[in-house]
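Novice: Following is a predicted model, sequence given first.
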There are 2 protein chains.
Amino acid sequence: MKEKCLETRKIYSGRVVALRIDRVMLPSGRKSIREVVEHRGAVAAIPVKGDKIILIRQYRYPVDEVIYEIPAGTREKNETPDETMARELEEEIGYRAGRLTHLFTFYSTPGFTTEKISIYLAEELEPVERRPEHDENIEVVEVEKERIPEMIKNGEIRDGKTIAALCYYMLGAG
Amino acid sequence: MKEKCLETRKIYSGRVVALRIDRVMLPSGRKSIREVVEHRGAVAAIPVKGDKIILIRQYRYPVDEVIYEIPAGTREKNETPDETMARELEEEIGYRAGRLTHLFTFYSTPGFTTEKISIYLAEELEPVERRPEHDENIEVVEVEKERIPEMIKNGEIRDGKTIAALCYYMLGAG
């Protein structure tokens, strides 16, 4: 079922993504083109505080909206996924997690990008001084777990990793 | 909180995605670069057949794996989302849905792409002749609902829209 790369052409290499266009051979023998957005992957966590989840609200330029998300980040050089997650929790919501448990890992949208996101559960939260990164303009909000399904249905929560993570978590917890 | 576009540069325009690089002004007054992968959006449906969900297994070139997904597709010219969904269900799994209900809509990964995915529930399924599209190499499988959380946890199901859709559905149904 695999497709074989015949030729690859690098179009762009940037800060967050790179784009390459591959000419491929399909299993049928026909030839086609595949557009691949390369991304180095991300981690995200569900910060649980009693019957509330801590979410952030942040502006996302590609969709030109301020949206709710669970805290997340991309790995910096020489960091393990656990280290990235711990750093992002401090930077984005100002908490250190006593317990960080990996739940699952998925591809955000595998039709055109390599991006893989690992979801953690962050528990036993202790407040620390928040150290927001330059350029980040983040509001921290606490949301009652029971409001989440409704917030997804009415479009208030509309970030893919956030919906996947919260629904998976609530399915197991419920 | 918004960021203002100062200058936009089109890098690539292809079959599935387009890439543009924008120079922006942040709320702080500082300037930065934003990489935006434009995508025309997709629809996907959860086909429910008794206590089973119909999934497809298909090869995805960017991640070089055969993965489980709910049926999905991108809109063709002049189609409404409902028409796209009905067409994709026939092409990909060979069923016509007597009832198609919109559940929610989300951004697949809004940090770098405009892609928006609308999730439907497909019920009252009637078999029709399957008409797979050229280039598609799809296997249709029926999975028991109760196996799904475990398949996400162990990485068997690892497509974002599929996890978001199935967990949301099971949360409401359970």
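Specialist: Sure thing, it's come through.
Novice: ok, A:Gly73 to chain B distance?
Specialist: With distances taken as Cβ to the nearest Cβ, to the nearest Å, A:Gly73 is found 10 Å from chain B. In short, each C-beta sits where N, CA and C put it, glycine included.
Novice: Do me a favour and average the pLDDT over the helix or strand containing that residue.
Specialist: Counting by DSSP states H and E, the element that carries A:Gly73 is strand A:72-74. Over the span of strand A:72-74, the pLDDT mean works out to 94.
Novice: Show me what that strand pairs with in its sheet, parallel or antiparallel.
Specialist: Strand A:72-74 has its sheet partners listed here by DSSP bridges as strand A:42-49 (antiparallel).
Novice: Now do the buried residues in the strand it pairs with.
Specialist: Buried residues in strand A:42-49, defined by neighbour count with 16 or more other Cβ atoms under 10 Å in any protein chain shown: A:Ala42, A:Val43, A:Ala44, A:Ala45, A:Ile46, A:Pro47, A:Val48.
Novice: what does it contact?
Specialist: In this structure, residues lying in contact with strand A:42-49 by Cβ atoms under 8 Å, 6 or more residues apart in numbering or on different chains are A:53-54, A:69-75, A:81, A:84-85, A:88-89, A:93, A:95, A:97, A:100, A:103, A:115-123, A:125, A:142, A:161-162, A:165-166, A:169, B:111.
Novice: Out of the buried residues of strand A:42-49, flag the one nearest to B:Ala18.
Specialist: A:Ala42 (22.4 Å; Cβ to Cβ).
Novice: Bridge partners for the closest one, pull those for me.
Specialist: Under DSSP bridges, the beta-bridge partners of A:Ala42 are A:Thr74, A:Ile117.
Novice: same thing with A:Cys5?
Specialist: Under the criterion DSSP bridges, A:Cys5 forms beta bridges with A:Val24.
Novice: That one contacts A:Arg20, correct?
Specialist: No. Applying Cβ atoms under 8 Å, one finds A:Cys5 not in contact with A:Arg20, separated by 9.7 Å.
Novice: Near the residue of chain A with the smallest separation from chain B, how many residues? Count them for me, please.
Specialist: Chain B sits closest to A:Cys167 of chain A, with a gap of 3.5 Å, by Cβ to the nearest Cβ. A:Cys167 has 24 neighbouring residues, counting by other Cβ atoms under 10 Å in any protein chain shown.
Novice: same deal with the one 4 residues further on?
Specialist: Residues near A:Leu171, counting by other Cβ under 10 Å, number 18.
Novice: With A:Thr8 instead?
Specialist: The tally of other residues near A:Thr8 (other Cβ under 10 Å) stands at 12.
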